[in-house]
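A.B. asks: output the structure for:
(one chain, ligands or ions: 2)
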Amino acid sequence: MMNPVMNMPGTWGTIGSTLLTVIFFWDMLRRYCPPELRRYLEKWSIRVSQFLNPYVQISIHEYLGSHLRPHEAYSIVEAYLSLNSSKHAKRLKAEMTRDNDSKLMLSMDEYEKTTDEFHGVRVKWISGKVATPPRPMSFSYFPEPEKRYYKLKFHKQYKEMITETYLEHVIKKGKEIQARNRQRKLYTNGHSKSYWSHIVFEHPARFETLAMEEEKKEEIVEDLLTFTKSKDFYARIGKAWKRGYLLYGPPGTGKSTMIAAMANLLDYDVYDLELTSVKDNTELRKLLTETTSKSIIVIEDIDCSLDLTGQRTKRKEKSGTESGKKESSRKEKEKEESGSKVTLSGLLNFIDGLWSACAGERLIVFTTNYVDKLDPALTRRGRMDKHIELSYCKYEGFKVLAKNYLELEAHPLFQSVQELIEEVDITPADVAENLMPKSAKEGPEKCLLNLIHALEEAKSRQIMKCTGPKDIEANHDTAAPQETPEI
Ligand SMILES: Nc1ncnc2c1ncn2[C@@H]1O[C@H](COP(=O)(O)OP(=O)(O)OP(=O)(O)O)[C@@H](O)[C@H]1O
Ligand SMILES: [Mg+2]
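C.D. replies: Residues are numbered from 1 along each chain as shown. Ligands and ions are numbered 1, 2, ... in the order given. Have a look, this model is predicted:
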């Protein structure tokens, strides 16, 4: 019997000559066949090869459509493969991660392969690039980006499992890796821009370092954490996964600091919306729909950004006293100068309507120094689900600040502070300022004495306000010990 290995040259010879014949006929066909017939044959040859090929392919392109929008799935797969490819692929490339410029992410270089295994099934990932033909007559400042893609190849018998379970696994893991690499961002729309620009968000505020009653703090943290875990609950009750917070209180009581602590706790991005820079309701809608999931949308000093007393005030003014008319024309003028035509109803419509259609979890936080000025339509539950008052610093808050600033948990001077602080209205910002060492020589004791001195001054000012002439009473809002009361 003939050894099959010995017969190899003969077999190769037959295959070679058959291939040559096929190539020859294919070439003849391409040259002399009418185009319609050629197209028909090409179509059928693809169908036949697809029928014979037992593998299924799924492509994930970096850019979508002709507008070259980045495709989120591509970056998720890239993140997922960064785990695997570094083990299997031989040619890797290192790039800055999209969201963190202090970390390198390894991914497969173009035309590289790697394998992955899922529930005992092997799949192959291939990276590639769509060849873009050069455009001879066009000149652009913005060269077309490279159109990269990943191809997933697997046997057709596993099609159902791969398309349902495996791809879900890839997306979940990829997103986890992205979240680990991600740096949070602070988006702003200042300077009359109709788009968001961002910087890296690195605020050190945490709930632990926030001066306020422990019980209240725990309640807020609990509320936030419950919100993030309630996706299914919101879906079940048919409500959009959003929550509105209204933070109110005098200046320097920690409203902005609390927003940063919220973002740090939940690992959310922050969108700081400057309403006075928004041209009209349409632009407001555009900006808000552009916000991403897992974000906090902040509108600070809402009473100053919009004429929120709205129609109610106007109606009162119509009936009108002279001062009412003056006030109305002043507001009109201010509005014209700011150039913003955003209205209360525009904002409310967004919160209730379109807002609900944006997928993903979002918080919207309003801050104000004067809660009474706000239109009840804005602050009603459902729009502003939780109202949080940030108030003057009391002993419990002081202890947090003393720990933050002086690393002190107890001190003989604490008792004097406790007696005074319970009696006067002083903001956490003022307490913090007094506890801050002014020079390297100032120890904790000197800082505490500074605070006691400031508290005593604030106390005597408060007594003067209660007993002094009427015009002093008008300036009741200055709790700052350094400021001399205006008379
Ligand atoms: N509750 C607090 N806990 C810890 N620090 C605080 C607190 N409140 C204020 N501070 C300190 O005071 C500074 C000013 O606080 P913040 O900007 O949060 O006040 P605000 O309530 O937003 O004031 P405004 O109404 O003027 O915007 C912060 O940088 C922070 O250091
Ligand atoms: Mg603030």
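
A.B. asks: C-alpha only now, for contacts and for neighbours.
C.D. replies: Fine.

A.B. asks: show me the helices in the stretch 51-200 of the chain, by range?
C.D. replies: In the stretch 51-200 of the chain, the helices defined using DSSP state H, counting those that start in this stretch lie at 72-88, 159-161, 167-181.

A.B. asks: could you identify which of the ones you listed is most buried?
C.D. replies: Of all those, helix 72-88 carries the top mean neighbour count, a mean of 19, counting by mean count of other CA atoms under 10 Å.

A.B. asks: related to what we said a few turns ago, tabulate the helices of the stretch 51-200 of the chain (TSV), appending mean pLDDT and distance to ligand 1.
C.D. replies: Below are the helices of the stretch 51-200 of the chain laid out as TSV (pLDDT from 0 to 100; distance: least, CA to the nearest ligand atom, whole Å):
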stretch	mean pLDDT	distance to ligand 1
helix 72-88	81	35
helix 159-161	92	51
helix 167-181	88	27
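
A.B. asks: which parts of the stretch 301-450 of the chain sit against ligand 1?
C.D. replies: Neighbours of ligand 1 within the stretch 301-450 of the chain, by CA under 6 Å from any ligand atom: 369, 428, 429.

A.B. asks: for the helices of the stretch 51-200 of the chain, give me a markdown table that also has distance to residue 254.
C.D. replies: Output for these, formatted as a markdown table (distance: least, CA to CA, whole Å):
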| stretch | distance to residue 254 |
| --- | --- |
| helix 72-88 | 36 |
| helix 159-161 | 52 |
| helix 167-181 | 28 |
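
A.B. asks: pull the number of nearby residues for residue 166.
C.D. replies: Counted with other CA atoms under 10 Å, residues neighbouring residue 166 total 18.

A.B. asks: just to revisit the earlier point, out of the residues of the stretch 301-450 of the chain next to ligand 1, which are buried?
C.D. replies: The neighbour count (16 or more other CA atoms under 10 Å) marks 369, 428, 429 as buried among these.

A.B. asks: the last one contacts residue 254, correct?
C.D. replies: The one in question is residue 429. Yes: when contacts are counted by CA atoms under 8 Å, residue 429 is listed as touching residue 254 (7.5 Å).

A.B. asks: re earlier: can you lay out the residues of the stretch 301-450 of the chain next to ligand 1 as JSON lines showing pLDDT?
C.D. replies: Formatted as JSON lines, these follow (pLDDT from 0 to 100):
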{"residue": "369", "pLDDT": "93"}
{"residue": "428", "pLDDT": "95"}
{"residue": "429", "pLDDT": "95"}
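
A.B. asks: how close does the closest residue to residue 390 other than its chain neighbours get to ligand 1?
C.D. replies: Of all residues not flanking residue 390 in the chain, residue 249 sits nearest, at 4.9 Å (CA to CA, 6 or more residues apart in numbering). Residue 249 sits 7 Å away from ligand 1, going by CA to the nearest ligand atom, to the nearest Å.

A.B. asks: how many residues are close by residue 25?
C.D. replies: 12.

A.B. asks: that one in helix, strand or coil?
C.D. replies: What DSSP: H, G, I helix; E, B strand; the rest coil gives for residue 25 is helix.

A.B. asks: among the helices and strands of the chain, which has the poorest mean pLDDT?
C.D. replies: Counting by mean pLDDT, DSSP states H and E, the weakest-scoring helix or strand in the chain turns out to be helix 310-318, with a mean of 41.

A.B. asks: what about the helices in the stretch 351-487 of the chain?
C.D. replies: Taking DSSP H, counting those that start in this stretch, the helices of the stretch 351-487 of the chain run over residues 354-357, 376-379, 395-406, 414-421, 428-435, 444-467, 470-473.

A.B. asks: dump stretch 387-401 to PDB, restricted to CA.
C.D. replies: Taking Å, rounded to 0.1, in the frame of the first residue of the first chain, the C-alpha atoms of stretch 387-401 are listed here in PDB:
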ATOM      1  CA  HIS A 387     -35.300  69.200  49.700                       C
ATOM      2  CA  ILE A 388     -32.100  69.600  51.700                       C
ATOM      3  CA  GLU A 389     -31.500  72.500  54.000                       C
ATOM      4  CA  LEU A 390     -27.900  73.400  54.600                       C
ATOM      5  CA  SER A 391     -27.600  75.600  57.600                       C
ATOM      6  CA  TYR A 392     -25.300  77.300  60.000                       C
ATOM      7  CA  CYS A 393     -22.600  75.300  61.700                       C
ATOM      8  CA  LYS A 394     -23.400  73.800  65.100                       C
ATOM      9  CA  TYR A 395     -21.200  71.800  67.500                       C
ATOM     10  CA  GLU A 396     -21.500  68.500  65.500                       C
ATOM     11  CA  GLY A 397     -20.400  70.200  62.300                       C
ATOM     12  CA  PHE A 398     -17.600  72.000  64.100                       C
ATOM     13  CA  LYS A 399     -16.200  68.600  65.300                       C
ATOM     14  CA  VAL A 400     -16.000  67.400  61.700                       C
ATOM     15  CA  LEU A 401     -14.200  70.500  60.600                       C
END
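
A.B. asks: quick check, residue 293 in contact with residue 362.
C.D. replies: Yes: contact status for residue 293 versus residue 362: in contact at 6.1 Å, counting by CA under 8 Å.

A.B. asks: those two - which one has more neighbours?
C.D. replies: Counted by other CA under 10 Å, residue 293 and residue 362 do not tie: residue 362 has more neighbours, with 24 against 14.

A.B. asks: ok so, going back, nearest to ligand 1 among the buried ones among the residues of the stretch 301-450 of the chain next to ligand 1?
C.D. replies: Ligand 1 lies nearest to residue 429 out of these, by CA to the nearest ligand atom, at 3.4 Å.

A.B. asks: distance of that closest one from residue 397?
C.D. replies: The gap separating residue 429 from residue 397 is 11 Å, by CA to CA, to the nearest Å.

A.B. asks: now do the same contact list for residue 166.
C.D. replies: Taking CA atoms under 8 Å, 6 or more residues apart in numbering, we find residue 166 in contact with residue 118.

A.B. asks: can you count the residues close to residue 112?
C.D. replies: Counted with other CA under 10 Å, the burial measure for residue 112 works out to 18 neighbours.

A.B. asks: can you pull the contacts of it?
C.D. replies: Residue 112 makes contact with 89, 90, 91, 126, 127, 128, according to CA under 8 Å, 6+ apart.

A.B. asks: neighbours around the closest residue to the third one other than its chain neighbours, how many?
C.D. replies: Which is residue 91. For residue 91, ignoring the flanking residues on the chain, the nearest one in space by CA to CA, 6+ apart is residue 109 at 5.5 Å. Other residues within reach of residue 109, judged by other CA under 10 Å, total 17.
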